[in-house]
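> Okay, here's the prediction I keep looking at, along with the sequence it came from:
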Amino acid sequence: MKNKRKRIGIFGGTFNPLHLGHLIVAEHVQSFLSLDTIYFVPSFISPHKGRGEETLASHRMKMVRLAIRGNKRFACSDLEIKQRGTSYTYRTIESFYKIFPDDRLFLLIGVDNFTKFSTWRYPDRICDKATLVVMSRPAHAPAAGTQFAGAAKFVDVPDIEISSTNIRGRIKQGKSIRYLVPELVHRYIIEHGIYR
């Protein structure tokens, strides 16, 4: 009897830091699409954000691992951090395709990134190997006019008003970030004095 193809989600980002909003939307997509596993893939250097995050790569990876602990459907990949340099999604998808040649890949992206997807490096190569999953929030209409709309699955996710930028700003100002990040991540940030 042939093994059933697994459904593998790939969720990339700087995760600087990963927060509850990331986890909520990932859980929603996992359930909605019946994904076997979602891999969180912290970037080394994001092509969309420029340099800076690489200095915290090890911390960001550890915080992702702490955040997803206990969820059997979530995993963490250090692929982009090990590759170093600029983290291009097409390379990541091709690497996952080699690891999971018999399974189905789903790339999770936000609707804001989807509107710029045609400007990404080799978007056709990405769509050739993975199904685009656009996490659209109810307050944002999906960009149905883009050339890749036909290849994408749109999944409405909760509109969680939490951002990593805001969290870093609150830490610099000495404000609480409790309930914005998982408790283990909160403790890690305090213990290591990150973002101060």
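That came through fine.
> buried sites along the helix of greatest length in the chain?
Taking DSSP state H as the criterion, the chain has its longest helix at helix 20-33. For helix 20-33, the neighbour count (16 or more other Cβ atoms under 10 Å) marks 21-23, 25-30, 33 as buried. Heads up, the C-betas are built off the backbone N, CA and C, glycines and all.
> Would you mind putting the CA coordinates of it into CSV?
This file holds the C-alpha atoms of helix 20-33, laid out as CSV (Å, rounded to 0.1, in the frame of the first residue of the first chain):
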residue,chain,number,x,y,z
LEU,A,20,1.3,35.0,19.3
GLY,A,21,-0.1,36.4,16.1
HIS,A,22,2.3,34.2,14.1
LEU,A,23,1.1,31.1,16.1
ILE,A,24,-2.6,31.9,15.9
VAL,A,25,-2.6,32.3,12.1
ALA,A,26,-0.4,29.2,11.6
GLU,A,27,-2.7,27.1,13.8
HIS,A,28,-5.7,28.4,11.8
VAL,A,29,-4.1,27.5,8.4
GLN,A,30,-2.9,24.1,9.7
SER,A,31,-6.4,23.2,10.8
PHE,A,32,-8.2,24.7,7.7
LEU,A,33,-5.9,22.9,5.2
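> Would you check that Y39 makes contact with I10?
Yes: between Y39 and I10 there is a contact under Cβ atoms under 8 Å: 5.4 Å.
> Report all helices and strands that the worst-scoring helix or strand of the chain on mean pLDDT contacts.
Using mean pLDDT, DSSP states H and E, the weakest-scoring helix or strand in the chain turns out to be helix 111-114, at a mean of 88. The contact analysis (3 or more Cβ pairs under 8 Å, 6 or more residues apart in numbering; DSSP states H and E) places helix 111-114 against strand 130-136.
> Hey, what's the angle from the strand it packs on to helix 20-33? Just curious.
Note on geometry: by axes from the mean of the first three to the mean of the last three Cα atoms, to 10 degrees, strand 130-136 and helix 20-33 are set 120 degrees apart in direction.
> Give me the mean pLDDT for strand 130-136.
What strand 130-136 shows for mean pLDDT is 94.
> which helices and strands does that strand pack with?
Helices and strands touching strand 130-136, by 3+ Cβ pairs under 8 Å, 6+ apart, are helix 20-33, helix 89-99, strand 104-110, helix 111-114, strand 152-156.
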